[in-house]
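Engineer: how would this look folded up:
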Amino acid sequence: MDHPAAERHRPFAPLPEPAEAFIRDLPKVELHVHLEGSMKPETLLELARRNGVEGVPASLDAVRDWYAFTDFPHFIDVYLASVATLLTEDDFALLAGDVADTLAAQNVRYAEVHVSLYAHLMRGVSAETVFAGIERGRARAAADHGIELRWIPDFPGDFGVESGERTLEATLAHGPDSVVGFGVGGMEVARTPFADLFARARKAGLHSLPHAGEVGGVQRVHEALDELAAERIGHGIQAMADPELVARLRDERVPVDVSPTSNLRTRAIDAIGDHPLPRMLDAGLLVTLNSDDPTMFGTDLTGEYRTAHRLGLDLSTLALLARNGVDASYMDGTRKAGLKAEIDAVLARHTA
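Structural biologist: So this is what the prediction gives:
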């Protein structure tokens with residue numbers, strides 16, 4: 001008999017084959033996915049054994065059960081245990097390569113991946129080690145699959161400005177050219193204290209990509225826009241409570257990176273049918289679809305497209321979400337045009 005947590009963690013059943021085939025064939029972009037939150041149970045077990053990390057279940061089945069989300073404190077425990085298994089350049093290369101393999105298998109062509117850099121710095125793992133490892137994984141992924149990965153170092157806002165300063169300094173000193181942005185996540189505290197920090201990041205050429213408005217209310221989105229000059233909003237679903245804010249996001253074409261299953265698992269919404277994704281699209285927002293921490297929330301990007309279809313979005317609207325991801329990304333213009341043409345061709349083929 002399944003453990004109740006495992007039951008909640010089980011992916012939804014497949015859609016009817018026409019929708020499944022369309023989602024499978026659809027070229028995808030992912031803009032809000034966390035490297036450490038994408039660690040597969042097999043990788044966690046391998047790294048825990050390799051590095052002698054205690055507190056991780058000893059068998060693969062036990063790890064899979066342990067991954068089954070129960071509440072937010074449990075998620076934090078699993079996330080921190082995953083982080084603790086990463087010590088060497090080889091460890092980070094393994095993780096980045098595994099994440100790329102998983103994305104490529106879903107026909108993801110490009111991804112901007114959040115890296116919890118401060119979580120490694122605070123353990124004494126150097127930024128040089130982190131970046132060297134994930135760059136090796138990125139290069140292998142490009143060679144093996146043609147997938148393009150970019151990095152967004154971030155820090156937990158609830159750890160204070162000092163954590164952001166350390167993260168930014170390490171990024172500016174050691175970050176490769178594949179770093180495209182700078183982010184803040186963690187518990188959704190006020191964003192205003194980070195204004196100067198994000199101004200420095202933007203001056204150095206990094207895009208402002210904060211989390212805001214998942215559980216912290218509309219004020220956090222206002223702060224992200226006004227104080228951090230946010231170019232995209234991570235989550236942002238609570239913006240729908242403020243019509244003037246919705247109009248601003250729409251008129252200024254600020255992308256909102258939405259992750260429905262994540263919002264359900266963290267209790268930001270009570271039921272998946274309550275998710276505002278359809279209303280956000282109806283309001284004209286530039287919404288992108290993402291998986292956030294996929295293995296820990298029992299989902300992946302393909303699963304999020306299935307969820308979006310179950311919320312009533314037809315194939316044309318799923319293709320719109322895919323195009324939005326391309327438009328909101330920092331890939332070069334030539335590749336954007338080619339990928340959007342491919343998305344349109346897949347839609348035409350499946351709706352002929």
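
Engineer: tell me where the stretch 201-350 of the chain has helices.
Structural biologist: 218-226, 243-251, 260-265, 277-282, 294-297, 301-310, 315-328, 333-351 (DSSP state H, counting those that start in this stretch).

Engineer: of all those, which one comes closest to A271?
Structural biologist: helix 260-265 (7.3 Å; C-beta to C-beta). C-beta coordinates here come from the backbone N, C-alpha and C atoms, glycine included.

Engineer: what residues of the closest one count as buried?
Structural biologist: P260, T261, S262, N263, L264, R265 (16 or more other C-beta atoms under 10 Å).

Engineer: what is it packed up against?
Structural biologist: helix 294-297, helix 301-310 (3 or more C-beta pairs under 8 Å, 6 or more residues apart in numbering; DSSP states H and E).

Engineer: neighbours around the closest residue to D344 other than its chain neighbours, how many?
Structural biologist: Once flanking residues are discounted, D344 sits nearest to A319: 7.2 Å by C-beta to C-beta, 6 or more residues apart in numbering. Other residues within reach of A319, judged by other C-beta atoms under 10 Å, total 22.

Engineer: dump the residue contacts of A319.
Structural biologist: By C-beta atoms under 8 Å, 6 or more residues apart in numbering, the contact list for A319 reads L26, I343, D344, V346, L347.

Engineer: let's see 7 Å
Structural biologist: By C-beta atoms under 7 Å, 6 or more residues apart in numbering, the contact list for A319 reads L26, I343, L347.

Engineer: and it, what pLDDT?
Structural biologist: pLDDT recorded at A319 is 98.

Engineer: quick revisit: relative to L121, which of the helices of the stretch 201-350 of the chain is closest?
Structural biologist: Here helix 294-297 is closest among the helices of the stretch 201-350 of the chain (C-beta to C-beta), at 21.7 Å.

Engineer: give the other helices and strands that the closest one contacts.
Structural biologist: helix 72-84, helix 260-265 (3 or more C-beta pairs under 7 Å, 6 or more residues apart in numbering; DSSP states H and E).

Engineer: rerun at 10 Å
Structural biologist: Taking 3 or more C-beta pairs under 10 Å, 6 or more residues apart in numbering; DSSP states H and E as contact, the helices and strands that helix 294-297 lies on are helix 4-9, strand 28-34, helix 41-51, helix 60-67, helix 72-84, helix 89-105, helix 260-265, helix 301-310.

Engineer: what residues sit buried inside that helix?
Structural biologist: Those would be P294, T295, M296, F297, for helix 294-297 by 16+ other C-beta under 10 Å.

Engineer: now swap in stretch 125-138 and tell me
Structural biologist: V125, A127, T129, V130, F131, A132, G133, I134, E135, R136, G137, R138.

Engineer: identify the farthest-apart pair in those.
Structural biologist: Among the buried residues of stretch 125-138, V125 and R138 lie farthest apart (C-beta to C-beta), at 18.1 Å.

Engineer: contact partners for the nearest residue to L286 once chain neighbours are set aside?
Structural biologist: Once flanking residues are discounted, L286 sits nearest to P255: 4.7 Å by C-beta to C-beta, 6+ apart. In this structure, P255 makes contact with 31-32, 209, 230-234, 236, 249, 285-288, 324-325, 327-329, judged by C-beta atoms under 10 Å, 6 or more residues apart in numbering.
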